[in-house]
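A.B. asks: Got a predicted structure plus its sequence, pasted below:
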Amino acid sequence: MVKLGLENFIGLAKSLPPGCRAAFLTHQAAVDNRGITSLERIRRAFPGLVQAVWSPQHGFYGDRQANMIASEDFSDPLSGLPVYSLYGEQRQPTLEMFADIDLVLVDLVDVGCRVYTYIWTLYLLLKAAAGAGVKVVILDRPNPLGGCEVEGNLPRVDYSSFVGLYPLPMRHGLTVGELAFYFKNYAGIDVELDVVEISGWQRRAYFNETGLFWVLPSPNMPSLNTALVYPGQVLLEGTNLSEGRGTTLPFELCGAPFIDPRALMAEIDQQSAKGLFLRPTWFTPTFDKWAGELCGGLQLHVVDLNEFSSYRFTLALLKAVIKLYSSDFSWLSPPYEYEYEKLPIDILTGDPEIRQTLENNGNLNRLQESWEDSLEQFYEQRSNVIIYM
């Protein structure tokens, strides 16, 4: 059984100085191996330690939908603590939020993907804490996609956004604690940082091998299966294709009213679909894109974790859709995640060349080869922050 940083912190932190006061960046998905929230565990172990809760995108209770659906500050009815939102027009803690705080605890459930915004809330927190001179302590958790595989390109610096404030590949293969060290070391954030490590987790292990509860960290991340396909299928948020929002299988279903499922399946490069069983299907979203309209498309069933590359698959999917349905397919216009000028697809991928390659029916192998030099540098830097073997 994996032992979380949360439990190790409770076991080791009896030496906290009397009267220590903390803010806690966390959410309802952060639970222990009995399903008790991290906030409740910390409050039981250290009465009076937590003075305020800071919440990421989707709100503390994970009830808000995506893309600029802000959450508000409120008083938590269960703990009585004030909850301050770090997702809205204000996404970085203010200096006033550090007043009378000795440290910031962090326990966030990430899904191992660059565009999942919780890691950028962490990034901005680290920068703000450095400026305030306040220590940050990460209660680490496993990366649900394992810690070995990396997918995708590093975004261009001029395409920085809240889905990529610092260059990372789409699937980065790091835990939240390792990412914090990565940001400290390579983004030049001079913050006092501790990571309370996980016990019993090995990098190659996916979430289903940890013995932990999956609690959906956001409304459209209901299962590990969703997280497996997300690093690629999230690109559909930059298109007029449904990514399955408004169904019970977000990101596992995709399509649009103008798509013939069997024609699409026949067009997709099968090498890019390794590790998948693709099922042609029809579905009707209840909200979001194409709400109430019958969509033709595909359901993604991951059958081999070691073969499947979500990012490469979705690039092949988009290439096929553009080839078959160029007059119906479109890229969505901004705004997206508080970016008001660049196309959503370009900040999702971090490089407009990817969009242009898809539009021109370009070679995906050559596109991937063009990422190799920057990925080599990332691998080297990553090796310096890895905690777990």
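C.D. replies: Thanks, I have the structure now.
A.B. asks: Distance of residue 124 relative to residue 142?
C.D. replies: The gap separating residue 124 from residue 142 is 23 Å, by C-beta to C-beta, to the nearest Å. Where C-beta positions appear, they are placed from N, C-alpha and C, glycine not excepted.
A.B. asks: Settle it for me: which of the two has more neighbours?
C.D. replies: residue 142 (27 against 17; other C-beta atoms under 10 Å).
A.B. asks: Let me see the contact set for residue 149.
C.D. replies: Counting by C-beta atoms under 8 Å, 6 or more residues apart in numbering, residue 149 touches 171, 173.
A.B. asks: Let's see the pLDDT reported for it.
C.D. replies: According to the prediction, residue 149 has pLDDT 96.
A.B. asks: Distance of it relative to residue 382?
C.D. replies: Relative to residue 382, and taking C-beta to C-beta, residue 149 is found at 12 Å.
A.B. asks: what does residue 22 give?
C.D. replies: On the measure of C-beta to C-beta, residue 22 and residue 382 end up 29 Å apart.
A.B. asks: Which residue lies nearest the spatial centre of this protein?
C.D. replies: residue 116 (2.4 Å; C-alpha atoms, centre = their mean).
A.B. asks: pretty sure that one is touching residue 109, no?
C.D. replies: No: contact between residue 116 and residue 109 fails when scored by C-beta atoms under 8 Å: they sit 9.7 Å apart.
A.B. asks: which residues does residue 197 contact?
C.D. replies: 5, 8, 140, 177, 387-388.
A.B. asks: Can I take it that residue 321 is in a helix?
C.D. replies: Yes: counting by DSSP: H, G, I helix; E, B strand; the rest coil, residue 321 is part of a helix.
A.B. asks: Can you report how many residues neighbour the closest residue to it other than its chain neighbours?
C.D. replies: With C-beta to C-beta, 6 or more residues apart in numbering as the criterion, residue 321 has its nearest non-adjacent residue at 5.4 Å, and that residue is residue 329. Using other C-beta under 10 Å, residue 329 has 18 neighbouring residues.
A.B. asks: pLDDT score for residue 329?
C.D. replies: 98.
A.B. asks: Surely it touches residue 240?
C.D. replies: Yes: with contact defined as C-beta under 8 Å, residue 329 counts as touching residue 240 (6.6 Å).
A.B. asks: Now the common contact residues for those two.
C.D. replies: Shared contacts of residue 329 and residue 240, defined by C-beta under 8 Å, 6+ apart, comprise residue 256.
A.B. asks: returning to what we had before: next, work out how far apart the residue lying closest to the residue nearest to the centre of the chain once chain neighbours are set aside and residue 119 are.
C.D. replies: Leaving aside its sequence neighbours, residue 116 sits nearest to residue 110 (C-beta to C-beta, 6+ apart; 6.2 Å). Noted for residue 110: a distance of 6 Å to residue 119, by C-beta to C-beta.
A.B. asks: joint contacts of the two?
C.D. replies: When contacts are counted by C-beta under 8 Å, 6+ apart, residue 110 and residue 119 have 176, 179 as shared neighbours.
A.B. asks: Compare these two and say which is more crowded by neighbours.
C.D. replies: Neighbour count, other C-beta under 10 Å: between residue 110 and residue 119, residue 119 has more, with 27 against 24.
A.B. asks: So the more buried one, which state does it fall into?
C.D. replies: Here residue 119 takes the helix state, with states given by three-state DSSP.
A.B. asks: same deal with residue 315?
C.D. replies: helix.
A.B. asks: pLDDT at it, what is it?
C.D. replies: Looking at residue 315, its pLDDT reads 98.
A.B. asks: If we ignore the residues flanking it in sequence, what's nearest it?
C.D. replies: In space, residue 315 comes closest to residue 364 once its chain neighbours are excluded; the distance is 5.7 Å by C-beta to C-beta, 6+ apart.
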